[in-house]
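Engineer: I'll drop the sequence and a predicted model, then ask my questions.
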Amino acid sequence: MSDLIYLDAAAATPIAPEALEATVEALKQTGNAGAAHAAGYAAAAKLDQAREAIAELLRVGPAGVIFVGSATEANNLAIRGLDRRSNSNQIVTSVADHPSVLATVKSLTGENRSPHLVKVGKTGEVDLDHLEAVLSPTTALVSIHAANNETGVIQPLDRIIERAHEVGALVHADASQLMAWGPNSILDDCDLVTVSSHKMHGPQGAAALIVRPTARNYLRPQITGGGQERGLRSGSANAAAIAGFGAAAELALSSGDESVERVRALRGRLLAGLKASVGDIVEHSAHAVRRLPGILNVGVGLNWSESVESEALLARLPRLAASTGSACHAGAPAPSAVLLAMGVPAWEAARSIRLSLSRYTTAADVDAAIKELGRGYIELVRLLAHPESKERILL
């Protein structure tokens, strides 16, 4: 759709021209990076170039960049691949973490592991007092979303890492949402870090687990075979996607505070515009200490008495690409687990919308989204005023 208003960057960022070019060029080449001939060496060189760019972005040696197929795979490698050390069998995450972490941690219950979920406060930040109460010498790993994909809240990783390391635990952070905005020192002391290509303007199909020396001896592969990626992830690499991933990392390295501030200003413009055109909204995580510049999560239609959920609004806005605050499990819609964990009432969570901006979002995009949401809101209000309507305004 040529007139699409794309405000769903937290799901997938638009691919950068530089990343697209690198991907296409790599697709034109024939050769397996593991082959001992000219074409293989050329493919391996592409991987090395991307590895070095990602290593520089994460401030780690190239040997610490392990390429995988997705952030979900990287999270599984970090959690499932952790070899239990002596009596250390406790795995800790937060109740508001990403499903690929939560589901993986919970699945370890029957594998001689002890999962523990830490509470979050009203802003979505980890409850540090609860974390401290849970941590013990038996804690093997703390896995925390560096920045939440629904609210944009950035966790106090420095304090989480300090407490975890005090009891000898390793720390894994899923930083997929964070890296589009450039290098970040809060990741420097994380033992394991997940990064994803398509969350930082690269192509889909590539991600990496950053493995610092503190964690290397404790990881075991989850996919075995030819021993690629230093024995931690067997299988031929997706060289084209990784080439684009590397180009995206180079772009992130060169992005400065100006880009961050521009997008943050656009988020403010979006919020102000929605308050003016819709009015009946509340911003979630507005008082968090640190947030990503591009994510705005709002509850809409809070004064409606009817059982209307956010999908009813977005369904009337085919030009707008945005997400609701609902997570779909096995085809059954449910209010956002993240918002519920923050203490947001279920009915309000069911009326939440996530609007997420990227480095390519423009003021025109924001203004068009404000206009579309305002129009859709008015349309719904009018419909709700006529109960004789046969239309079903539900999810």
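Structural biologist: Cool, got the structure.

Engineer: what about stretch 113-130, average pLDDT?
Structural biologist: Average pLDDT, stretch 113-130: 95.

Engineer: residues contacting it, please?
Structural biologist: By CB atoms under 8 Å, 6 or more residues apart in numbering, the surrounding residues in contact with stretch 113-130 are 84, 89-96, 102, 105-106, 108-109, 131, 134, 138, 144, 148, 151, 153, 155-156, 159-160, 163, 284-285, 287-289, 338, 341-343. (Glycine included, C-beta is placed from N, CA and C.)

Engineer: quick one: pLDDT of residue 390?
Structural biologist: In this model, residue 390 carries a pLDDT of 42.

Engineer: how near is the closest residue in space to residue 219 that isn't next to it in sequence to residue 21?
Structural biologist: Nearest residue to residue 219 in three dimensions, chain neighbours excluded: residue 81, at 4.8 Å (CB to CB, 6 or more residues apart in numbering). Remark: distance between residue 81 and residue 21 (CB to CB, to the nearest Å) = 34 Å.

Engineer: now the residue nearest to residue 219, what are its backbone angles?
Structural biologist: phi -80, psi -10 (degrees, to the nearest 10).

Engineer: tell me who's in contact with it.
Structural biologist: Here residue 81 is in contact with 219-222, 232 (CB under 8 Å, 6+ apart).

Engineer: so how far is the helix or strand harbouring residue 364 from its chain's centroid?
Structural biologist: Remark: residue 364 resides in helix 363-384, with elements defined by DSSP states H and E. Averaged C-alpha coordinates place helix 363-384 at 27 Å from its chain's average position (CA atoms, centre = their mean, to the nearest Å).

Engineer: also stretch 166-175?
Structural biologist: 18 Å.

Engineer: list the buried residues in it.
Structural biologist: Neighbour-count burial for stretch 166-175, counted by 16 or more other CB atoms under 10 Å, picks out 167, 169-175.

Engineer: from those residues, which ones fall inside strands?
Structural biologist: Cross-referencing these against strands under DSSP state E gives 170-174.

Engineer: mind listing the helices for the stretch 1-150 of the chain?
Structural biologist: For the stretch 1-150 of the chain, helices defined by DSSP state H, counting those that start in this stretch occupy the ranges 17-27, 38-58, 71-80, 99-107, 128-134.

Engineer: quick one: closest of the ones you listed to residue 362.
Structural biologist: Taking CB to CB as the criterion, residue 362 comes closest to helix 17-27 out of those, the separation being 15.5 Å.

Engineer: any idea how far residue 174 is from the nearest residue to residue 154 once chain neighbours are set aside?
Structural biologist: Nearest residue to residue 154 in three dimensions, chain neighbours excluded: residue 290, at 4.0 Å (CB to CB, 6+ apart). As defined by CB to CB, residue 290 lies at a distance of 16 Å from residue 174.

Engineer: same check, this time on residue 129
Structural biologist: Counting by CB to CB - residue 129 and residue 174 are separated by 23 Å.

Engineer: now residue 127
Structural biologist: 19 Å.

Engineer: and if you look at residue 187?
Structural biologist: To residue 174, residue 187 is 11 Å away according to CB to CB.

Engineer: for residue 265, same thing?
Structural biologist: In terms of CB to CB, residue 265 sits 27 Å off from residue 174.

Engineer: what's the answer for residue 54, then?
Structural biologist: According to CB to CB, residue 54 stands 15 Å off from residue 174.

Engineer: with residue 208 instead?
Structural biologist: Residue 208 sits 12 Å away from residue 174, taking CB to CB as the criterion.

Engineer: so what sits against both of these two?
Structural biologist: Residues within reach of residue 208 and of residue 174 at once, by CB under 8 Å, 6+ apart, are 74, 194.

Engineer: any idea how many residues pack against the residue nearest to residue 154?
Structural biologist: By the criterion of other CB atoms under 10 Å, residue 290 has 14 neighbours.

Engineer: likewise residue 135?
Structural biologist: Look at residue 135: counted by other CB under 10 Å, it has 21 neighbours.

Engineer: contact partners for the closest residue to it other than its chain neighbours?
Structural biologist: Leaving aside its sequence neighbours, residue 135 sits nearest to residue 167 (CB to CB, 6+ apart; 4.9 Å). For residue 167, the contact set (CB under 8 Å, 6+ apart) comprises 135-137, 139.

Engineer: residue 186 too?
Structural biologist: Neighbouring residues of residue 186 by CB under 8 Å, 6+ apart: 146, 154, 157-158.

Engineer: show me which of those are buried.
Structural biologist: 146, 154, 157.

Engineer: nearest to residue 193, of those?
Structural biologist: Nearest to residue 193, judged by CB to CB, of the buried ones among the contacts of residue 186 is residue 146 at 7.8 Å.
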